[in-house]
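Participant: how does the following fold in three dimensions:
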Amino acid sequence: MKRPIAVALIGLSILSAIAVSPAKACEENREDPVTFSFLLPLRLTALASGITIGAPISTIRAIPKQTATAWDTMAGSENDTNVAARLFTLPPSLLIGSVAGVAEGLTTGTANALDNFYDRPFGAESFSLKTVDD
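Facilitator: Residues are numbered from 1 along each chain as shown. A predicted model of the protein is given here:
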């Protein structure tokens, strides 16, 4: 039990030491190495929580949108009076919309977490709370 914890702490300390080594590419907008070392665990935690919380939120938002899109594509627009066609195409559009919504939600939620964990850790954008793609 103690060995995996020790290995994780050693790995984290090596990662922290490597991360603060100076880069020679660009000198502007450079953070203090000590500040970067202290903020690294915070940013990694923000990334993990952004993926864990933001991906399901984005998925829950994407499934109804994709289902409505699939249903309108299969049965026509909402103004059509053909009720039988709309009822007949409801089950396959639910399946297609759910699969497409899960795929879109997972990719969007993960992308939001990756885009925002460094500059705005634990922000609303990181948790996919401010993304509206209408």
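Participant: could you pull out the strands for the protein?
Facilitator: Remark: strands of the chain are absent; assignment by DSSP state E.
Participant: can you pull the contacts of the closest residue to Ile53 other than its chain neighbours?
Facilitator: Nearest non-adjacent residue to Ile53, counting by Cβ to Cβ, 6 or more residues apart in numbering: Phe127, 5.1 Å away. For the C-beta atoms, the positions are set from N, CA and C on the backbone; glycine is no exception. Residues in contact with Phe127 (Cβ atoms under 8 Å, 6 or more residues apart in numbering) are 49-50, 53-54, 57, 112-113.
Participant: can you put those in JSON lines and add pLDDT, neighbour count and distance to Phe88?
Facilitator: Formatted as JSON lines, these follow (pLDDT from 0 to 100; neighbours: other Cβ atoms under 10 Å; distance: Cβ to Cβ, whole Å):
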{"residue": "Ser49", "pLDDT": "92", "neighbour count": "16", "distance to Phe88": "43"}
{"residue": "Gly50", "pLDDT": "90", "neighbour count": "26", "distance to Phe88": "41"}
{"residue": "Ile53", "pLDDT": "92", "neighbour count": "17", "distance to Phe88": "38"}
{"residue": "Gly54", "pLDDT": "90", "neighbour count": "28", "distance to Phe88": "36"}
{"residue": "Ile57", "pLDDT": "93", "neighbour count": "17", "distance to Phe88": "32"}
{"residue": "Asn112", "pLDDT": "91", "neighbour count": "25", "distance to Phe88": "36"}
{"residue": "Ala113", "pLDDT": "91", "neighbour count": "24", "distance to Phe88": "39"}
